[in-house]
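Chemist: Can you look at this prediction? I've put the sequence above it.
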Amino acid sequence: MPGAQAQGRLGLLPQGEYVCALPGSATGAAWEELPAHNFAITGASSYRTDKGSGTYLLEGKRVTFTRGPMKGHRMMLLSSGLLQEMDRNGKLGRLRCHRAGPIAS
């Protein structure tokens, strides 16, 4: 059945720099930033990282990076500017990325 896998309407993520982190611990920092996972949404379905540029697809709340250094990585849009990683089975992981501000020049 065509479209059976579709999760909703196509959309775009808010442009800007996204900072990624794992939850911290009760005895330490609240968040453990992971700069190697940071990325920027640069335009219509485009992103960039320190390793290069690529494209993504936002279907409903599911983000799939389709080309470039993050190809195959999947995330769930929790709210405007807040994403959480997903595994192949759709289970949410620990990594979260939030829009930290406009694209740095």
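Modeler: Alright, I've got the coordinates.

Chemist: What mean pLDDT does the longest strand along the chain get?
Modeler: Longest strand of the chain, by residue count under DSSP state E: strand 92-101. The predicted model assigns strand 92-101 a mean pLDDT of 96.

Chemist: Same check on stretch 37-48?
Modeler: Averaging pLDDT along stretch 37-48 gives 96.

Chemist: now swap in stretch 10-17 and tell me
Modeler: 95.

Chemist: What lies in contact with it?
Modeler: Applying C-beta atoms under 8 Å, 6 or more residues apart in numbering, the contact partners of stretch 10-17 are 38, 40-45, 56-60, 63, 77, 80-81, 83, 99-104. Where you see a C-beta, it was placed from the backbone N, CA and C, and this is true even at glycine.

Chemist: Among the residues you listed, the buried ones, what's the PyMOL command?
Modeler: A single PyMOL command selects the buried members of these (16 or more other C-beta atoms under 10 Å):
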select buried, resi 38+40+41+45+56+58+63+77+81+83+99
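
Chemist: In strands only, show me the contacts of stretch 10-17.
Modeler: Among the contacts of stretch 10-17, the residues falling in strands (DSSP E) are 40-43, 56-59, 63, 77, 83, 99-101.
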